[in-house]
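Novice: Below is the structure, and that's it, no one-letter string:
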């Protein structure tokens, strides 16, 4: 079993940022509107930003989220997370080993790990992590060199293969969110569905409503 104690965070509507998908709008405004609409977690993912720019963006989002209960997770970069006091770090299979992430971030940090298969989910069984990100559920253009799509059946198999909390990712929208939760995910991680939406606030409202309906047996 994982050594990680269950922490108080909500995976229901997990926004993963992508400035290229924001249609020229300010990322801070997108995140603020998404949180107003029910976004429960935010991951700052900046593959192409240099360190100084990444830190500045992270500090901006820490300010946006300061008076909310929404944690800021940093993609890959433990140094950025430590510099700004973020709530945690999410890593992929080729990033820093999660044991090193945990050692550097400490026991109270939220540590997430991406998995693409049942095998990887099983290998993560004893890792000191707080959640898995499983995907892509459907083909996605928001991540270079993405793994093959799992489909809902593949997602369900991964959910059955793990005891960890799990969020699904990969071209998930409000109309697909409920199916992902019924498959066993605790919530959905989205990029374009919020970042590119005409109204990021309304998009978050609709995704949150779809997830909560399943929680309530709908």
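Specialist: Looks like it came in fine. Please read these numbers as outputs of a predicted model, since none were measured by experiment.

Novice: In space, what's closest to residue 83 - neighbours in sequence excluded?
Specialist: residue 55 (5.6 Å; Cβ to Cβ, 6 or more residues apart in numbering). Every C-beta, even on glycine, is put in place using the N, C-alpha and C of the backbone.

Novice: for the host helix or strand of the one you found, which positions count as buried?
Specialist: With secondary structure defined by DSSP states H and E, residue 55 is part of helix 51-65. The neighbour-count check on helix 51-65 (16 or more other Cβ atoms under 10 Å) flags 54-55, 57-58, 60-61, 64-65 as buried.

Novice: cool, stretch 100-113 as well?
Specialist: Under the neighbour-count criterion of 16+ other Cβ under 10 Å, stretch 100-113 has 101-102, 105, 109-113 buried.

Novice: Run the chain-centre distance for it.
Specialist: Remark: stretch 100-113 is offset 15 Å from the chain centroid, using Cα atoms, centre = their mean, to the nearest Å.

Novice: First-to-last residue distance for that stretch?
Specialist: Across stretch 100-113, the terminal residues are separated by 13 Å (Cα to Cα, to the nearest Å).

Novice: could you give the mean pLDDT of it?
Specialist: For stretch 100-113, mean pLDDT is 98.

Novice: wouldn't the residue nearest to residue 83 be in contact with residue 84 here?
Specialist: Yes. Counting by Cβ atoms under 8 Å, residue 55 touches residue 84, with 6.5 Å between them.

Novice: Determine the longest strand present in this structure.
Specialist: Taking DSSP state E as the criterion, the chain has its longest strand at strand 110-115.

Novice: Can you name every helix or strand that it contacts?
Specialist: Helices and strands touching strand 110-115, by 3 or more Cβ pairs under 8 Å, 6 or more residues apart in numbering; DSSP states H and E, are strand 88-91, helix 98-105, strand 131-134.

Novice: May I see those arranged in CSV, with distance to residue 42 as well?
Specialist: Formatted as CSV, the helices and strands packed on strand 110-115 follow (distance: least, Cβ to Cβ, whole Å):
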stretch, distance to residue 42
strand 88-91, 11
helix 98-105, 17
strand 131-134, 14
